[in-house]
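> Sequence unavailable; structure follows:
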């Protein structure tokens, strides 16, 4: 299902953070929002998630206007930078949480929730760690659990905010491959915020380069490398690649 953000504006006080941002993505596509701090990428992600609201503009999902739809009704999955796992819950309980709190009329049966949890534990290769608590896991394992929890509800769109920033370089490298594989297996579109060019190039089908509240170029990684639209894009690509 396709997603569109149309002419999104957002200000905080006198500071205009998003200045007419538009973005369209195809079904199953992986899009990265890449740019320096303060470029507006996290604000845009939060607006898409329903955690913040645009001052002007429109959000469309599969042709439906979701601009004012509450976050809980958008049926999007969100993976946070700091994992946001429940410390008092086991791995399995964390993964199942989103299903267990669904409204009764749409909540799966206990057996269906258990089956979905087992499926995701296998998918993230952590079936033998189902009864452990987050404090007993490595950073990479916690992030895989956070990813599985977001996918448990079979989201219409997966949103990720700097999902690897808290991890060391070696773990980031291996986890990137896992995340891309999980996203493809789930068949869900994904939008990821990152400031890391290598991360965007490794994961995304297309990258939206942001600067000062604008998307300055939105294209495939190879096009951004070979044909940058401005000096800003050229410097960003080369600086991160160095």
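That came through fine. Quantities reported herein were computed from a predicted structural model and do not represent experimental measurements.

> Quick one: residues contacting the closest residue to residue 76 other than its chain neighbours.
Nearest residue to residue 76 in three dimensions, chain neighbours excluded: residue 157, at 4.7 Å (CB to CB, 6 or more residues apart in numbering). Just so you know, the C-beta spots here come from the backbone N, C-alpha and C atoms, and that holds for glycine as well. Counting by CB atoms under 8 Å, 6 or more residues apart in numbering, residue 157 makes contact with 3, 48, 61, 74, 76, 77, 188, 189, 190, 191.

> Residue 47 too?
Taking CB under 8 Å, 6+ apart as the test, what residue 47 contacts is 5, 8, 10, 18, 53, 54, 59.

> Using just helix, strand and coil, how would you label residue 57?
strand (DSSP: H, G, I helix; E, B strand; the rest coil).

> Distance of it relative to residue 47?
8 Å (CB to CB, to the nearest Å).

> Common neighbours of these two, please.
5, 8.

> Filter the contacts of residue 47 down to the ones in strands?
5, 8, 10, 18, 59 (DSSP state E).

> which residues does the first one bridge with?
With DSSP bridges applied, residue 5 shows beta-bridge pairing to residue 23, residue 59.

> Surely it touches residue 61?
No - the pair residue 5 and residue 61 does not pass the contact test of CB atoms under 8 Å, sitting 10.0 Å apart.

> These two: which has the busier surroundings?
residue 5 (23 against 19; other CB atoms under 10 Å).

> Report how many residues lie close to residue 84.
What residue 84 shows, counting by other CB under 10 Å, is a neighbour count of 13.

> Is it in contact with residue 146, as I believe?
Yes - between residue 84 and residue 146 there is a contact at 6.8 Å, judged by CB under 8 Å.

> What's the first helix or strand after the longest helix along the chain?
With secondary structure taken from DSSP state H, the chain has its longest helix at helix 169-186. Using DSSP states H and E, the helix or strand that follows helix 169-186 in sequence is strand 189-194.

> for the record, mean pLDDT for the helix or strand following that following strand?
Counting by DSSP H and E, the next helix or strand C-terminal to strand 189-194 is helix 197-203. Helix 197-203 shows a mean pLDDT of 91 in the predicted model.

> What are the buried residues along helix 197-203?
197, 199, 200, 201, 202, 203 (16 or more other CB atoms under 10 Å).

> How about stretch 178-195?
Under 16+ other CB under 10 Å, the buried positions of stretch 178-195 are 178-179, 182-183, 186, 188-195.

> Which residue ranges of the chain form strands?
Under DSSP E, the chain gives strands at 3-12, 15-25, 30-34, 56-61, 64-65, 76-79, 157-161, 189-194, 206-211, 214-219.

> Low-confidence stretches in the protein?
Along the chain, the model assigns pLDDT under 70 to residues 1, 166, 168-170, 239-242.
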